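Colleague: Sequence and predicted structure below; questions after.
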Amino acid sequence: MKKVFSVAIIGCGSRGLDVYAFNMVETKGFEIVSVCDKRETRIERAKELYSINPDNCFLDENEFFKEKRADVLVIATQDRDHVRQCIKALEKGYDVLLEKPISPSKDECLALLAAHKKYGGKVIVCHVLRYAPAYKKAAELIDSGAIGKLIDINALEQVGYWHIAHSFVRGNWRNSEETSPMILAKCCHDMDLLQYFAKSKAKSVSSIGDLSYFKKENQPKDAADKCDECKYDKTCPYSAYRTYVERWKEAGMPDTMWPQNVVCLEHPLTEEKIINAYKHNKYGRCVFACDNNVVDHQTTNILFENGVTANLTMLGFTQTNSRIYRFHGSIGEIVLDEERKELVYKPFGGQSEIFPFSKILKTEVGHGGGDLALIEALYDSLTNQSGLSTVLESSIESHLMAFAAEASRLKDGKAINPHE
Ligand SMILES: NC(=O)c1ccc[n+]([C@@H]2O[C@H](COP(=O)([O-])OP(=O)(O)OC[C@H]3O[C@@H](n4cnc5c(N)ncnc54)[C@H](O)[C@@H]3O)[C@@H](O)[C@H]2O)c1
């Protein structure tokens with residue numbers, strides 16, 4: 001009989017309920033028994049999906065934390081809630097699946113590390129890409145010596161024009177005062193991957209970048225501040241109609257779809273419901289008339305203690321949202337291209353070998369299969385079948401790199417040692 005772990009979730013939004021609860025139940029190794037969310041609609045949705053006893057559903061985190069409710073706690077609230085809640089969870093004796101970023105504050109990250117040393121328990125940070133099969137394949141090739149000594153990693157994070165508009169101009173991660181700067185919110189997976197592949201701590205980080213486009217001065221003079229009132233509603237590539245309705249139609253009008261399910265909490269989705277939702281919420285705003293301050297492009301250079309160098313470019317101005325990673329070694333290179341859906345191994349003086357993702361992945365859904373693979377790895381770790389790689393210490397290392405990158409960007413690219 002497969003052991004089943006009981007799970008409580010705090011933060012039943014897109015990640016907590018739609019991604020983790022779904023994948024946990026899919027693996028048949030977890031049962032959702034308790035939920036906490038500030039929004040009643042999300043509690044109702046959780047009850048409906050997982051038949052949770054109403055006595056185990058909470059609207060208030062203080063009530064929720066009065067007792068330990070399950071074996072495992074998923075923390076999928078917003079960035080600035082994570083550490084406070086994770087410390088309470090460790091005190092109560094939970095093993096924790098913690099959404100990234102841990103926190104936009106360096107002091108909070110270090111406070112969590114101290115609490116973890118004090119209370120014990122597992123804290124697994126959701127750096128899902130480490131578990132995505134294509135990245136695991138790259139790690140396997142590098143570890144086998146296929147490209148010799150790793151010299152440099154060149155990473156391109158193509159956020160995608162509609163994704164940057166949704167999440168980082170109109171949405172939850174638009175303002176660094178409310179959530180996190182872009183380098184943490186979007187690129188903390190990349191920072192994590194770079195140090196994971198480099199197998200070293202960063203010694204020097206420098207970064208440049210800016211918010212160049214999504215600001216008032218670039219709004220056409222005759223455009224309206226709300227898309228549904230704007231003459232460019234059907235032609236502007238960033239309009240709410242084109243982002244939420246046209247893309248949903250192109251996908252075959254599914255009952256639920258990300259990010260339409262964030263914009264419109266009613267389901268099944270219809271054109272009328274989507275338009276009505278964004279008319280009345282933040283997602284219907286003109287991209288040039290929002291309260292956003294996070295960058296729309298940023299380039300970061302990193303020197304690791306072992307001499308490996310890395311460059312990460314994050315760009316909002318791309319048609320697709322996908323990453324391209326190039327690993328340059330002394331006797332070969334690897335190109336991992338999410339857009340072409342293939343990993344190519346190129347030995348110097350030898351035949352290239354192509355690994356199509358279709359041969360590597362179980363599912364392409366959710367960070368190239370990483371969301372599901374993370375949950376499977378969590379199960380293995382709880383049953384002591386494997387040590388998880390995204391333990392707190394190494395995740396904090398990637399956050400220190402991101403803090404250094406942001407500090408450098410604000411000083412016009414001055415090189416910064418993340419450990420000073
Ligand atoms: N691992 C990844 O790849 C990945 C991808 C996207 C987002 N994230 C992270 O996941 C987290 C959640 O993002 P999301 O997209 O699910 O956001 P969301 O807004 O859809 O969900 C957050 C939920 O937390 C609830 N909440 C907020 N404060 C609360 C509190 N004090 N007590 C109880 N509930 C509370 C909200 O009502 C909401 O339902 C964020 O930290 C985000 O940065 C990670």
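Modeller: Structure's in. What do you need? Numbering: from 1, shown residues only.

Colleague: Alongside the ligand, which residues does the stretch 1-150 of the chain contribute?
Modeller: 10-16, 36-39, 42, 61, 76-79, 81, 99-100, 126, 128 (C-beta under 6 Å from any ligand atom). (C-beta placed from N, C-alpha, C; glycine too.)

Colleague: Inside helices: which ones of those residues?
Modeller: Among these, the ones falling in helices (DSSP state H) are 42, 61.

Colleague: Distance from the chain centre to stretch 225-244, please.
Modeller: 26 Å (C-alpha atoms, centre = their mean, to the nearest Å).

Colleague: What are the buried residues along that stretch?
Modeller: Across stretch 225-244, burial judged by 16 or more other C-beta atoms under 10 Å covers 226-227, 230, 232-233, 236, 238-244.

Colleague: Just name the closest of those residues to the ligand, please.
Modeller: Y244 (15.5 Å; C-beta to the nearest ligand atom).

Colleague: N261 is in contact with the closest one, correct?
Modeller: No: with contacts counted by C-beta atoms under 8 Å, Y244 stays clear of N261, the gap being 10.3 Å.

Colleague: how much space between the residue of the chain positioned farthest from its centre and the ligand?
Modeller: Relative to the centre of the chain, the most outlying C-alpha is that of G349, 37.7 Å out, by C-alpha atoms, centre = their mean. Counting by C-beta to the nearest ligand atom, to the nearest Å, the separation of G349 from the ligand is 38 Å.

Colleague: can you list contacts of the helix or strand where T313 lies?
Modeller: In this assignment (DSSP states H and E), T313 forms part of strand 309-315. Strand 309-315 is contacted from outside by 151-159, 182-183, 186-187, 190-191, 194, 198, 209, 295-304, using C-beta atoms under 8 Å, 6 or more residues apart in numbering.

Colleague: Can you list the low-confidence ranges for the stretch 301-420 of the chain?
Modeller: Within the stretch 301-420 of the chain, the stretches with pLDDT under 70 are 361-366, 368, 387-390.

Colleague: Those residues of it touching the ligand, which are they?
Modeller: Taking C-beta under 6 Å from any ligand atom as the contact definition, the stretch 301-420 of the chain meets the ligand at H367.

Colleague: returning to what we had before: dump the residue contacts of the residue farthest from the centre of the chain.
Modeller: Not one residue lies near G349 by C-beta under 8 Å, 6+ apart.

Colleague: which SS state does it fall under?
Modeller: At G349 the chain is in coil, as set by DSSP: H, G, I helix; E, B strand; the rest coil.

Colleague: Quick one: buried ones out of the residues of the stretch 1-150 of the chain next to the ligand?
Modeller: 10-13, 15-16, 36-38, 42, 61, 76-77, 79, 81, 99-100, 126, 128.

Colleague: picking up where we left off before, distance from the chain centre to the strand holding T313, please.
Modeller: Relative to the chain's own centre, strand 309-315 is displaced by 17 Å; criterion: C-alpha atoms, centre = their mean.

Colleague: again, but for stretch 34-42
Modeller: So, by C-alpha atoms, centre = their mean, the centroid of stretch 34-42 is 21 Å from its chain's centroid.

Colleague: what mean pLDDT would you report for that stretch?
Modeller: The average of the pLDDT scores along stretch 34-42 is 97.

Colleague: swap in stretch 172-185?
Modeller: Averaged over stretch 172-185, pLDDT sits at 94.

Colleague: Regarding it, how distant is the last residue from the first?
Modeller: End-to-end span of stretch 172-185 (C-alpha to C-alpha, to the nearest Å): 10 Å.

Colleague: What of stretch 45-60?
Modeller: 17 Å.

Colleague: Which ones among the buried ones among the residues of the stretch 1-150 of the chain next to the ligand lie within strands?
Modeller: Among these, the members found in strands (DSSP state E) are 10, 36.

Colleague: ok so, going back, how much space separates the residue farthest from the centre of the chain from A114?
Modeller: From G349 across to A114, the span is 51 Å (C-beta to C-beta, to the nearest Å).

Colleague: Strands along the chain, start to end?
Modeller: Using DSSP E, strands in the chain cover 5-10, 30-36, 57-58, 72-75, 95-98, 123-125, 150-158, 202-210, 297-304, 309-315, 322-329, 332-337, 342-347, 353-356.

Colleague: Out of those, indicate the one that is most buried.
Modeller: Highest mean neighbour count of those: strand 72-75, a mean of 27 (counted as mean count of other C-beta atoms under 10 Å).

Colleague: In terms of secondary structure, what does that one contact?
Modeller: strand 5-10, helix 82-92, strand 95-98 (3 or more C-beta pairs under 8 Å, 6 or more residues apart in numbering; DSSP states H and E).

Colleague: what's the distance between it and the middle of its chain?
Modeller: Its chain's C-alpha centre and that of strand 72-75 lie 17 Å apart, by C-alpha atoms, centre = their mean.

Colleague: can you tell me the average pLDDT over that strand?
Modeller: Here strand 72-75 scores 98 as its mean pLDDT.

Colleague: Can you list the strands that that strand pairs with?
Modeller: strand 5-10 (parallel), strand 95-98 (parallel) (DSSP bridges).

Colleague: Kindly reformat these as JSON lines containing mean pLDDT.
Modeller: What follows is the strands paired with strand 72-75, written out as JSON lines (pLDDT from 0 to 100):
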{"stretch": "strand 5-10", "mean pLDDT": "98"}
{"stretch": "strand 95-98", "mean pLDDT": "96"}
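
Colleague: Near the closest residue to K199 other than its chain neighbours, how many other residues are there?
Modeller: Among residues not flanking K199 along the chain, N306 sits closest, at 7.0 Å (C-beta to C-beta, 6 or more residues apart in numbering). N306 has 12 neighbouring residues, counting by other C-beta atoms under 10 Å.

Colleague: if I pick N306, what's in contact with it?
Modeller: 198-200.

Colleague: Going through those, which ones are buried?
Modeller: Buried, going by 16+ other C-beta under 10 Å: 198, 200, out of these.

Colleague: Restricted to helices, list the contacts of N306.
Modeller: A198.

Colleague: Between strand 202-210 and the strand holding T313, find me the angle.
Modeller: Relative orientation of strand 309-315 and strand 202-210, computed by axes from the mean of the first three to the mean of the last three C-alpha atoms, to 10 degrees: 20 degrees.

Colleague: and the gap between Y325 and the ligand?
Modeller: Applying C-beta to the nearest ligand atom, the value for Y325 to the ligand is 16 Å.

Colleague: Surely that residue is in contact with N154?
Modeller: Yes: the pair Y325 / N154 is scored as a contact, 7.5 Å apart, by C-beta under 8 Å.

Colleague: And the nearest residue to P237 once chain neighbours are set aside, how close does it get to the ligand?
Modeller: Residue nearest to P237 in three dimensions, not counting chain neighbours: Y161, with 6.1 Å by C-beta to C-beta, 6+ apart. Per C-beta to the nearest ligand atom, Y161 is found 18 Å from the ligand.
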